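Asker: Mind looking at a prediction? Sequence and model below.
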Amino acid sequence: KSNTSKITGKQNPVPAQSNEIGTPHFATGFGTISSLETPAQVELKLQASLPVSVISSLVETVDKDYNLTGYRMTEPIPAKDLETAVAMLEVSLTPLNKSEIMQELTMLQVKTVNRTVKQKDQELMLSAYAEELQYFPKDIVRYTLRSLALSSKWWPAWHDVAKELVWRTEKRQFKLDALQRGAIDTPTRYDNLISASVRKI
């Protein structure tokens with residue numbers, strides 16, 4: 001099961017153990033996520049490491065504006081490949097631990113200005129942000145907070161932080177959700193027809 005998810009609203013976070021996460025048994029090489037890797041780099045490594053059977057089975061689902069709404073499995077995946085893919089996606093969704101989150105928030109606080117929160121309320125604000133951040137992947141949290149510090153001198157509202165976190169996280173979470181649901185009962189030969197119909201809507 002996924003250990004992260006404000007996206008799906010299902011599970012409680014599990015604290016990360018160190019700056020490098022993962023399990024060494026992955027034959028494909030997606031065993032760790034460096035603290036220096038950006039979300040884009042993690043996505044590329046993940047895509048290159050997932051079993052071919054998983055990549056070929058997962059199909060995007062979109063709304064009428066072509067926004068990603070999830071993934072679905074179009075055919076069964078070998079048990080070993082499925083287990084490997086789920087483990088990789090869970091690694092990619094692992095959050096920072098509490099002390100690491102507070103370090104990132106403190107860095108953001110030092111680099112920005114906040115006129116709306118009094119000094120005595122700042123500790124409460126940081127605690128509230130930290131509580132939410134533990135539901136998102138470590139690489140995405142780092143990248144988002146550091147990017148916000150570069151893009152504006154003002155302390156960001158949680159709405160703006162969450163918006164960035166969610167859209168960067170949901171692709172991984174959607175894939176994991178699809179793998180955990182399993183294959184749908186739609187014959188493969190109809191997949192292209194369904195996709196074409198969605199594009200026309």
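Answerer: That came through, no problem.
Asker: burial count for Gln109?
Answerer: Neighbourhood size, Gln109 [other C-beta atoms under 10 Å]: 17. For every residue, glycine as well, the C-beta is placed using N, CA and C.
Asker: Grab the most central residue of the chain for me.
Answerer: Thr169 (2.7 Å; C-alpha atoms, centre = their mean).
Asker: Just want to check the distance between it and Val110.
Answerer: Remark: distance between Thr169 and Val110 (C-beta to C-beta, to the nearest Å) = 25 Å.
Asker: List of residues touching the longest helix along the chain?
Answerer: Scanning the chain for the longest helix, with DSSP state H as the assignment, gives helix 158-181. Helix 158-181 is contacted from outside by 1-2, 4-8, 39, 43, 46, 54, 58, 68-73, 77, 82, 85-86, 89-90, 92-93, 128-129, 132-133, 136-137, 140-141, 143-145, 147-148, using C-beta atoms under 8 Å, 6 or more residues apart in numbering.
Asker: Looks like Arg142 contacts Ile101 (just checking).
Answerer: No: counting by C-beta atoms under 8 Å, Ile101 is not a contact partner of Arg142; they are 9.6 Å apart.
Asker: okay, these two: which has more neighbours?
Answerer: Between Arg142 and Ile101, Ile101 has the larger neighbour count (other C-beta under 10 Å), namely 25 against 21.
Asker: ok, now how distant is that one from Thr144?
Answerer: Separation of Ile101 from Thr144 (C-beta to C-beta) stands at 12 Å.
Asker: Please apply the same query to Gln47.
Answerer: To Thr144, Gln47 is 20 Å away according to C-beta to C-beta.
Asker: so how many other residues sit close to Ala48?
Answerer: When neighbours are counted by other C-beta under 10 Å, Ala48 registers 11.
Asker: before we move on, the earlier item: list the buried ones in the longest helix of the chain?
Answerer: 161-162, 164-165, 168-179 (16 or more other C-beta atoms under 10 Å).
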